[in-house]
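Trainee: what's the 3D shape of this:
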Amino acid sequence: MKTKKKRKLKKNIRYFFILILLVVVASSLGWYLERSYNFKNLKVEISYKTVNTKKESSLSLVMVGDALIHGTVYNTANRYANYKGYDFKPMLKNVKEFVSQHDLAYYNQETILGGVELGLSTYPMFNSPYEVGDAFLDAGFNLVSLATNHTLDKGEKGILNSRSYWDKQTNALAAGSYSSEEARDEIIIKEVNGIKYGFLSYTTLTNGLKIPAGKDYLLNVYDKEKAKADVLKYRDKVDLLIVAMHWGVEYVTYPTAAQKEIARDLASFGVDLIIGTHPHVIEPVEFIDDTLVVYSLGNFVSSQVGVERLTGLMLSLDVKKEAYHGKTKLSFDNIEGTLIFTDRNNGYIVYPYQMLNNNILNGYKSYYDKYSKVVTAYSNKVTVRSLEA
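Mentor: Here you go, the predicted structure:
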């Protein structure tokens, strides 16, 4: 037993000396490091910064309805040009400043710009001079819909002339009618203020006129599956996707069941903004989930008879893009309509209702009230600019 106790004592003593040795070595090492590197004077600062990955960008957009160029309209433009060509710019002088302030400005070229070489013509088979486009470009318009029920009025030659004109306008994007299948299938993506956008255009009507066999590219006639395929080609490449629709029933101030069905389909495909024309009168604006639908902007410039056909809607809004943690959200803000009136009796000059008086349009205030209610009938997110603004 004594031998075992001695062995245990020796073992404990050995552990004790090893521990003492470790303490001495550690102390010596600390002293050496302190002298060599002066750790006492070393200050370690930890900085915490908040990284904000949220990015915001926006663009402004304005839209108007039909440029419906009757014979009396282009004859007046001829007079403005002192009978040497055609000048439509005076007709747009009252809206030019407002339109040109926007990043994107849309209008519907109802009548084909086939040029004087094909012979100008009026209702029911229209053909308009190129100077119509010149005036709208001068006023700041840069999105143009070419798919209407009058696109085929001058046949293939009219469309080729039209596309030749629009293809030269590098600052404008025209859609809905093309000179080749390759041009129709080309994916064109533009960008403003960091927001990428695409633009498509379709018509549901051709006035019974037939597209030449094998040349469907000449006019985008709406087909649900074709439109879906077109939308999907753009959807993951752009932030904002706009579709112009020529649809509905003329002179009816509410959307038809067919319009609503198409709007729902386009919304489900992922379209952000649907801009409607053809009824020649104003129809309401509404949201389908996050998709903004403008059923009809009415006429912009025309010689049609009746206040409701001479009153149109100029709708402006801000497109806002928010990018956060790899996700993008698009929204529409400041959606405001301005009612406009074409004075067909005095030079086809377009007036915002704020510039009207009873000499230009007798009872204009009552018409303002009437059409304002049409615009806002489906949504409280849309306002109409007051007459005093």
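Trainee: in this protein, which residue is most central in space?
Mentor: residue 242 (4.9 Å; Cα atoms, centre = their mean).
Trainee: so how far is residue 91 from that residue?
Mentor: Shown here: residue 242 relative to residue 91, a distance of 25 Å by Cβ to Cβ, to the nearest Å. Every C-beta, even on glycine, is put in place using the N, C-alpha and C of the backbone.
Trainee: just residue 292 next, same as before
Mentor: Using Cβ to Cβ, residue 292 is found at 28 Å from residue 91.
Trainee: is it true that the residue nearest to the centre of the chain lies in a strand?
Mentor: Yes - counting by DSSP: H, G, I helix; E, B strand; the rest coil, residue 242 is found in a strand.
Trainee: distance of it from residue 152?
Mentor: Where residue 152 is concerned, residue 242 sits at a distance of 23 Å (Cβ to Cβ).
Trainee: then residue 225?
Mentor: To residue 152, residue 225 is 22 Å away according to Cβ to Cβ.
Trainee: residue 254 too?
Mentor: Applying Cβ to Cβ to residue 254 and residue 152 gives a distance of 28 Å.
Trainee: repeat that for residue 70.
Mentor: Distance from residue 70 to residue 152, by Cβ to Cβ: 18 Å.
Trainee: ok, which stretches of the stretch 1-150 of the chain are helices?
Mentor: 2-37, 71-80, 96-100, 131-138 (DSSP state H, counting those that start in this stretch).
Trainee: quickly find the element holding residue 333.
Mentor: In the assignment (DSSP states H and E), residue 333 maps to strand 327-343.
Trainee: partners of the very next helix or strand once past that strand, with directions?
Mentor: Going down the chain from strand 327-343, the next helix or strand is strand 349-352, by DSSP H and E. Strands that pair with strand 349-352, judged by DSSP bridges, come out as strand 327-343 (antiparallel).
Trainee: now the partner strand against helix 71-80, angle please.
Mentor: Counting by axes from the mean of the first three to the mean of the last three Cα atoms, to 10 degrees, strand 327-343 lies at 80 degrees to helix 71-80.
Trainee: buried ones in strand 327-343?
Mentor: 330, 332, 335-343 (16 or more other Cβ atoms under 10 Å).
Trainee: ok, so of those residues, who is nearest residue 162?
Mentor: Using Cβ to Cβ, residue 342 is the member of the buried residues of strand 327-343 that lies nearest residue 162, at 23.0 Å.
Trainee: please tell me how far residue 183 sits from residue 360.
Mentor: 43 Å.
Trainee: more neighbours: which of residue 70 and residue 152?
Mentor: Comparing residue 70 with residue 152 by other Cβ atoms under 10 Å, the one with more neighbours is residue 152, at 24 against 20.
Trainee: where does residue 29 land on pLDDT?
Mentor: On pLDDT, residue 29 comes in at 48.
Trainee: ok so, going back, the residue nearest to the centre of the chain is in contact with residue 143, isn't it?
Mentor: Yes - look at residue 242 against residue 143 with Cβ atoms under 8 Å: they come within range, at 7.3 Å.
Trainee: identify the contacts common to those two.
Mentor: Taking Cβ atoms under 8 Å, 6 or more residues apart in numbering as the criterion, residue 242 and residue 143 both touch 106, 199.
Trainee: which stretches in the stretch 51-200 of the chain count as strands?
Mentor: 55-67, 104-108, 143-145, 173-175, 190-192, 195-203 (DSSP state E, counting those that start in this stretch).
Trainee: any chance of these in a markdown table, with mean pLDDT and distance to residue 96 too?
Mentor: A markdown table is the format used below for the strands of the stretch 51-200 of the chain (pLDDT from 0 to 100; distance: least, Cβ to Cβ, whole Å):
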| stretch | mean pLDDT | distance to residue 96 |
| --- | --- | --- |
| strand 55-67 | 97 | 12 |
| strand 104-108 | 99 | 10 |
| strand 143-145 | 98 | 16 |
| strand 173-175 | 98 | 20 |
| strand 190-192 | 98 | 20 |
| strand 195-203 | 98 | 22 |
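Trainee: among these, which is nearest residue 384?
Mentor: The closest of the strands of the stretch 51-200 of the chain to residue 384 is strand 55-67. By Cβ to Cβ, the value is 14.4 Å.
Trainee: quick one: list the elements packing against the closest one.
Mentor: The contact analysis (3 or more Cβ pairs under 8 Å, 6 or more residues apart in numbering; DSSP states H and E) places strand 55-67 against helix 96-100, strand 104-108, strand 195-203, strand 273-277, strand 299-301, strand 311-324.
Trainee: hey, which of those is tucked in deepest?
Mentor: Comparing the helices and strands packed on strand 55-67 by mean neighbour count (mean count of other Cβ atoms under 10 Å), strand 299-301 ranks first with a mean of 28.
Trainee: give me the low-pLDDT residue ranges for the protein?
Mentor: 1-53 (pLDDT under 70).
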